[in-house]
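**Q** Sequence and predicted model, in that order:
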Amino acid sequence: MTNFTAEPIECPPRKVESEWIDLNGHMNMAYYHLLFDEALDKLFTELGFGWDYTQAGEGTGFTAEVHVCYLAELNEGDPVRITYQLLDADEKRIHVFGRMYHGTEGYLAATSEQMCIHVNQKTRRVAPFPDEIRTRIAELMDAHRDLPRPEQAGRVIGIRRK
């Protein structure tokens, strides 16, 4: 029985630390990645391949590709809220989409689209998820299937010419 709903997964709240502020006076781009990465641990845990699974030494999740869009500034002390939506999956990969919001003002500050892979820790090669994890992924995919596709999903970087 699934416990997933048709809502993105809510990750633990954070706040912008003073050491993350750059010369422009806002959160440096590297820390957007840090927050998205740490929040992804919540999704991995929900799907069954979080820290406990990794510590068992059989398999783990890696991010193979990531595309971040910086949409609005975050400043020192700002509360941060991150959610993840499952866009697609197969036997070895999950395609996820993260949204980073200002925790109290609610504006969308950044997005992170990621392709994550399951890796066998003994061979260090991409490998199929175990059956129980594939079942959890399928349950989340069913719950997220009808969510609107994020505007930033599938973007390609480049300069548009007129």
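**A** Everything's here; your move.
**Q** Pull out the buried positions in the lowest-mean-pLDDT helix or strand in the chain.
**A** Each helix and strand of the chain was given a mean pLDDT (mean pLDDT, DSSP states H and E); the minimum falls on helix 51-55 at a mean of 93. Residues of helix 51-55 classed as buried by neighbour count (16 or more other Cβ atoms under 10 Å): 53-54. Yep, even glycine has a C-beta here, placed from its N, CA and C like the rest.
**Q** Would you mark the buried spots in the longest helix anywhere in the chain?
**A** Criterion DSSP state H: the longest helix present in the chain is helix 29-47. Residues 31-32, 35-36, 39-40, 42-44, 46-47 are the ones in helix 29-47 that count as buried (16+ other Cβ under 10 Å).
**Q** Equivalent analysis for stretch 95-105, please.
**A** In stretch 95-105, counting by 16+ other Cβ under 10 Å, buried: 95-103.
**Q** With respect to Thr123, which of the buried residues of helix 29-47 is nearest?
**A** Distance to Thr123 across the buried residues of helix 29-47 (Cβ to Cβ) is lowest for Phe44, with 19.7 Å.
**Q** residues in contact with the nearest residue to Gly103 once chain neighbours are set aside?
**A** Computed as Cβ to Cβ, 6 or more residues apart in numbering, the closest residue to Gly103 that is not its neighbour in sequence is Pro79, at 2.8 Å. Pro79 makes contact with 13-15, 102-104 under the criterion Cβ atoms under 8 Å, 6 or more residues apart in numbering.
**Q** my read: Val119 touches Val126, true?
**A** Yes: counting by Cβ atoms under 8 Å, Val126 is a contact partner of Val119 at 6.0 Å.
**Q** more neighbours, the two?
**A** More crowded of Val119 and Val126, by other Cβ atoms under 10 Å: Val119, with 19 against 13.
**Q** Does that one have any beta-bridge partners, and if so which?
**A** Note on Val119: beta-bridge partners by DSSP bridges are Thr60, Val126.
**Q** who touches it in this structure?
**A** 59-62, 125-127.
**Q** gap between it and Gly98?
**A** Distance of Val119 to Gly98, computed by Cβ to Cβ, to the nearest Å: 20 Å.
**Q** now His33
**A** From His33 to Gly98 the distance is 10 Å (Cβ to Cβ).
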